[in-house]
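> Let's see this in three dimensions:
(one chain, ligands or ions: 1)
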Amino acid sequence: MQSINVLMIEDSAVQAQFMKGQLNAVPGVKFDIEVVDCLAKGMQALAEKQFAAIILDLMLPDSEGLDTFFSVRDHVPDTPIVILTGLDDINLATKAVEEGAQSFLVKGQVQGQQLARSIRYALQRTEAEHAEWDSPMFHLAQQQFLKAAQFMSLDDNVRQRLLFPQRTLVVTLPFRRDDYQQVETVFGYRVQHVLTMGPTKGGIRYHQDVDLGEVSALAMWMTWKCALMRLPFGGAKGGVRIDPTGLSRHELQRLTRRYTTEIIGMIGPDKDIPAPDMGTNEQTMAWIMDTYSQQVGYTVPAVVTGKPVVMGGSLGRREATGRGLVYLIEQSAEQMGLDLKHATAVVQGFGNVGSNAARFLEELGTRIIAISDVSTGIHNPDGLSVSALLDYVEKHRVLKGFPGGEEIDNQSMLELECDVLVPAALQNQLTAENAPRLKCKMVAEGANGPTTLEADEILHERGIFVLPDILGNAGGVTVSYFEWVQGLQNFTWTLNEINNRLHKIMTDAFQRTMLRKQRDNLDTRTAALIEGISRVQEAKLARGLFP
Ligand code: NAD
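So this is what the prediction gives:
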């Protein structure tokens, strides 16, 4: 049996001896443990030799608290660190995990078995960091999850299980452009994060930067989002690595049909149900539905949601994400004492989510002072007319050249003074760099993953309310659920029924999240995540293990 060489930095000789004895008694694994009793000696040992993992006490004669962790982490960033400390402090633990500690264990509360398991999992996680799905966005999703998991003391086995997607599929497609001159190879993905909760559900994204890590992150967020909304789905997501903006309708159709064919074994109305996301729309869903139906030999409307109403799409689905977001902006504003009738908003992105969010905010009397898309940003302190913007984009495809305001670049737009900032385009937009300069009272996340971990913390410290993505933008998947149910029952609901049910489900999730936030003194994102994760954990434990 190969041994795992571990450096234990621990100043108490009794404790070191005790843990060594415990680890050596664990069957099936062999540890080779070297002990040093202060930080300086630890750094020296790490400079001389490579260790597979580090067990670190935080209170040492020459260093205290998280500074001890930061010193070691910055010295050997690729070596997993398991903290084993006498400091039983949940905020310290959460911060340590957020900053990259693999585990935070409290002395006297862990046995050798648990410590050995934590080390083994830490090694697996570190190895997986170099796997195919490794990407900044997947890292963000994982770190958000780990922070919540630490806070809720999630069992380490469940934590490890949920940290990675259950199924991933990478496909390559031959793609022919209209000129018939060349055939390209295009990458496509479908990821199912958790299959425990029912069929999986999640959108399909067409974008030139899509990779397996991005799709895996989005699939993980879908799991928490569905669980938070109490929908009977696990999370999934798909993507094709291509810029759809320059493609003709024929090209998009060929690409979509071939991608559908490549992933067809994975999707189905009882298995995994795609929906639109960035770069895809109702038409894309119609082609997926048609391709699937052709292959099975009969029409299967419930294989996708977000399709045109005429072929079984739901009333209200198109605008559901923006509508749901504005329902919760209203409720957040009420709690903050913010009057939306006299408020201002800045919206990044003018696609499905951004345009509808802007429209519904305008209906409430909020002035939209700036809006952007991939081509430009438009600023008008007196307010932009959303219908005029929609008309312009209908004719010109993009906002560039819109006459009703001044052009503004994306960065400056995010930093404009306003009440509500709605990122509704891409991930990774609010960062450590611009978060200190934001001049809004609320960030309402229409996009998935628009805020980095560092920015999240800055916004929290600055008292800016964050309506997190898995809560704020869940209106889309909620009405997708309604569409799926209508499809399975061949029975349609009225728009009123749909909007009322959407309002009820989103309000319920919002109230549960706010209750947890206040009760446990959490930020809103972590509270929402814990709401979702707890439900998945409960279901996992109830189903048990197979075989
Ligand atoms: P979309 O393709 O309809 O629109 C995207 C918009 O973002 C477009 O206006 C595009 O021009 C703009 N954009 C792209 N790059 C930009 C940049 N660099 N700067 C500014 N704007 C830029 O996509 P969508 O469906 O509205 O999705 C937007 C976000 O919302 C994504 O993060 C998506 O995952 C999330 N989301 C969508 C839904 C849904 O139902 N469509 C549901 C939940 C979450």
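> which residues touch the residue in the stretch 251-400 of the chain that the ligand sits nearest to?
In the stretch 251-400 of the chain, the residue that lies nearest the ligand is residue 351 (1.7 Å; Cβ to the nearest ligand atom). Glycine gets a C-beta too; all of them are placed from N, C-alpha and C. Contacts for residue 351 were tallied using Cβ atoms under 8 Å, 6 or more residues apart in numbering; they are 278, 373, 424, 425.
> Show me these that map onto strands.
Among these, DSSP state E puts none in strands.
> from the residues you listed, which are also near the ligand?
278, 373, 424, 425 (Cβ under 6 Å from any ligand atom).
> so which of the residues you listed comes closest to residue 340?
residue 424 (17.0 Å; Cβ to Cβ).
> So residue 140 sits against residue 449, correct?
Yes: with contacts counted by Cβ atoms under 8 Å, residue 140 reaches residue 449, the gap being 5.8 Å.
> quick one on the thing from earlier: between the ones next to the ligand among the contacts of residue 351, which sits nearest residue 490?
Nearest to residue 490 among these, with distances taken as Cβ to Cβ, is residue 278, at 30.7 Å.
> right, and the closest one touches residue 204 too?
No: between residue 278 and residue 204 there is no contact under Cβ under 8 Å: 9.3 Å.
> And the next helix or strand past the longest helix anywhere in the chain?
For the chain, the helix that runs over the most residues, judged by DSSP state H, is helix 495-520. Counting by DSSP states H and E, the next helix or strand C-terminal to helix 495-520 is helix 524-543.
> secondary structure element for the closest residue to residue 453 other than its chain neighbours?
Setting aside the residues directly before and after it, residue 453 is nearest to residue 143 in space (Cβ to Cβ, 6 or more residues apart in numbering), at 5.5 Å. When elements are assigned from DSSP H and E, residue 143 belongs to helix 136-151.
> Tell me if that helix is near the ligand.
No: on the criterion Cβ under 6 Å from any ligand atom, helix 136-151 is out of touch with the ligand, staying 10.5 Å away.
> The most centrally placed residue in the chain: what's it in contact with?
Among the residues of the chain, the one closest to the centroid is residue 221, at 3.8 Å (Cα atoms, centre = their mean). Counting by Cβ under 8 Å, 6+ apart, residue 221 makes contact with 141, 235, 448, 449, 469, 470.
> Helix or strand: which one has the closest residue to the last one other than its chain neighbours?
In other words, residue 470. Leaving out its chain neighbours, the residue that sits closest to residue 470 by Cβ to Cβ, 6+ apart is residue 225, at 4.2 Å. Per DSSP H and E: residue 225 is located in helix 212-228.
> and that helix, anywhere near the ligand?
No: against the ligand, helix 212-228 shows no contacts by Cβ under 6 Å from any ligand atom, the least distance being 6.5 Å.
> Going forward, the N-terminal residue is numbered 24.
Sounds good: first residue 24 from here, last item helix 235-251.
> mean confidence score for that helix?
Mean pLDDT, computed over helix 235-251, is 98.
> helix or strand right after it?
For helix 235-251, the following helix or strand on the C-terminal side (DSSP H and E) is strand 257-264.
> Summarise which helices and strands that next one is packed against.
Where contact means 3 or more Cβ pairs under 8 Å, 6 or more residues apart in numbering; DSSP states H and E, strand 257-264 is packed against strand 206-215, strand 223-230, helix 235-251, helix 272-286, strand 295-299.
> one step back: distance of the residue of the stretch 274-423 of the chain closest to the ligand from residue 213?
22 Å (Cβ to Cβ, to the nearest Å).
> Can you name the residues of the stretch 224-373 of the chain that neighbour the ligand?
So far as Cβ under 6 Å from any ligand atom goes, the stretch 224-373 of the chain lies against the ligand at 299, 300, 301, 302, 344, 371, 372, 373.
> Out of these, which comes closest to residue 48?
residue 300 (50.3 Å).
> Next one, pLDDT for that closest one please.
At residue 300, pLDDT is 96.
> follow-up on the earlier one: tilt between the helix holding residue 248 and strand 257-264?
150 degrees (axes from the mean of the first three to the mean of the last three Cα atoms, to 10 degrees).
> which residues are contacting the helix holding residue 166?
With Cβ under 8 Å, 6+ apart as the criterion, helix 159-174 contacts 113, 116-117, 120-121, 127, 177, 182, 185-186, 236-237, 239-241, 243-244, 247, 450-451, 472, 475-476, 543, 545, 548-549, 552-553, 556.
> What residues of it count as buried?
For helix 159-174, a neighbour-count test (16 or more other Cβ atoms under 10 Å) marks 160-174 as buried.
> Between which two of those residues is the distance greatest?
Within those, 160 and 174 form the most distant pair, 21.9 Å apart (Cβ to Cβ).
> So what's the residue count around the residue nearest to residue 255 when sequence neighbours are not counted?
Nearest residue to residue 255 in three dimensions, chain neighbours excluded: residue 221, at 3.9 Å (Cβ to Cβ, 6+ apart). Residues contacting residue 221 under the criterion other Cβ atoms under 10 Å number 14.
> Pretty sure residue 221 sits against residue 259.
No: using Cβ under 8 Å, residue 221 makes no contact with residue 259, being 11.2 Å away.
> And the strands in the stretch 24-173 of the chain, which stretches?
26-32, 53-59, 76-79, 104-108, 126-129 (DSSP state E, counting those that start in this stretch).
> Dump the C-alpha coordinates for stretch 307-318 into PDB.
Extracted C-alpha coordinates of stretch 307-318, given in PDB (Å, rounded to 0.1, in the frame of the first residue of the first chain):
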ATOM      1  CA  THR A 307     -33.800  26.700 -30.900                       C
ATOM      2  CA  MET A 308     -36.100  24.700 -28.600                       C
ATOM      3  CA  ALA A 309     -38.500  24.100 -31.500                       C
ATOM      4  CA  TRP A 310     -35.700  22.500 -33.500                       C
ATOM      5  CA  ILE A 311     -34.500  20.400 -30.600                       C
ATOM      6  CA  MET A 312     -38.100  19.200 -30.000                       C
ATOM      7  CA  ASP A 313     -38.600  18.400 -33.700                       C
ATOM      8  CA  THR A 314     -35.200  16.500 -34.000                       C
ATOM      9  CA  TYR A 315     -36.000  14.500 -30.900                       C
ATOM     10  CA  SER A 316     -39.500  13.700 -32.100                       C
ATOM     11  CA  GLN A 317     -38.300  12.700 -35.600                       C
ATOM     12  CA  GLN A 318     -35.900  10.200 -34.000                       C
END
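> Now do the same for that stretch: mean pLDDT, whole number.
98.
> Could you point out the helix or strand that follows the helix or strand residue 316 falls within?
Element membership for residue 316 (DSSP H and E) is helix 305-319. Beyond helix 305-319 in the direction of the C-terminus, DSSP H and E gives the next helix or strand as helix 343-359.
> ok, and for that next one, which residues are buried?
For helix 343-359, by 16+ other Cβ under 10 Å, it's 343-356.
> Could you tell me which residues of the stretch 424-570 of the chain lie near the ligand?
433, 447, 448, 449, 469, 470, 471, 496, 499.
> Do I have it right that the last one meets residue 341?
It stands for residue 499. No: Residue 499 is not in contact with residue 341 according to Cβ under 8 Å; the separation is 9.5 Å.
> Now for these two: what residues contact both?
Residues within reach of residue 499 and of residue 341 at once, by Cβ under 8 Å, 6+ apart, are residue 329.
> any idea of the pLDDT on the closest residue to the ligand within the stretch 74-223 of the chain?
Residue nearest to the ligand within the stretch 74-223 of the chain (Cβ to the nearest ligand atom): residue 160, separated by 10.5 Å. Looking at residue 160, its pLDDT reads 94.
> Quick check: closest non-adjacent residue to it.
Distances taken as Cβ to Cβ, 6+ apart place residue 240 nearest to residue 160, at 4.3 Å, with adjacent residues excluded.
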